[in-house]
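Undergrad: No sequence on hand, only this structure:
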């Protein structure tokens, strides 16, 4: 069974950094576009960042551009989200997402997602 396992997250002060990691188990990592979504309290889940299955294309939501970096570690079957210069509005549960290359090139909307991670809390205080 293919599954995503997240790690990282936690609490940080505004301006600080956190790193999220998501490993894919039971499948061929290079067959999936990988991404991150987040859900703040009282709000719907929103797209944050994605890396195509080839790793050649990344895309970010405007609010995190220049602060967050998504990368693929193919040796570890993992996708990393490096979050710098964190802001209180980044506080949310972050979800790793995978989309099979049979269905999509990128993971940008929930329709593109075939697999979800369990979610990890990120809390940024001012």
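TA: Structure received. Nothing here was measured: the structure is a model prediction, and the numbers come from that model.
Undergrad: The closest residue in space to residue 84 that isn't next to it in sequence and residue 54, how far apart?
TA: The shortest distance from residue 84 to any non-neighbouring residue, by Cβ to Cβ, 6 or more residues apart in numbering, is to residue 17 (4.7 Å). Yep, even glycine has a C-beta here, placed from its N, CA and C like the rest. Distance, residue 17 to residue 54, by Cβ to Cβ, to the nearest Å: 27 Å.
Undergrad: Can you list the residue ranges for strands in the protein?
TA: In the chain, the strands defined using DSSP state E lie at 3-8, 10-13, 18-25, 32-39, 45-51, 58-60, 68-73, 78-83, 92-100, 115-116, 120-125.
Undergrad: Show me the one of these that comes nearest residue 108.
TA: When those are compared by Cβ to Cβ, strand 45-51 sits nearest residue 108, at 5.6 Å.
Undergrad: between that closest one and strand 32-39, how many degrees?
TA: Taking axes from the mean of the first three to the mean of the last three Cα atoms, to 10 degrees, strand 45-51 and strand 32-39 form an angle of 150 degrees between their directions.
Undergrad: other SSEs contacting strand 45-51?
TA: strand 32-39, strand 58-60, strand 68-73, strand 78-83, strand 92-100 (3 or more Cβ pairs under 8 Å, 6 or more residues apart in numbering; DSSP states H and E).
Undergrad: Compare those strands and report which one is nearest to residue 6.
TA: Comparing those by Cβ to Cβ, strand 92-100 comes nearest, at 5.1 Å.
Undergrad: what's the spacing between the residue nearest to residue 84 and residue 82?
TA: Residue 17 is 7 Å from residue 82, by Cβ to Cβ.
Undergrad: Repeat that for residue 47.
TA: The separation that residue 47 has from residue 82, given Cβ to Cβ, amounts to 17 Å.
Undergrad: Quick check: bridge partners of the residue nearest the centre of the chain?
TA: The centroid of the chain falls nearest to residue 36 when counting by Cα atoms, centre = their mean (2.2 Å). On the basis of DSSP bridges, residue 36 is bridged to residue 49, residue 96.
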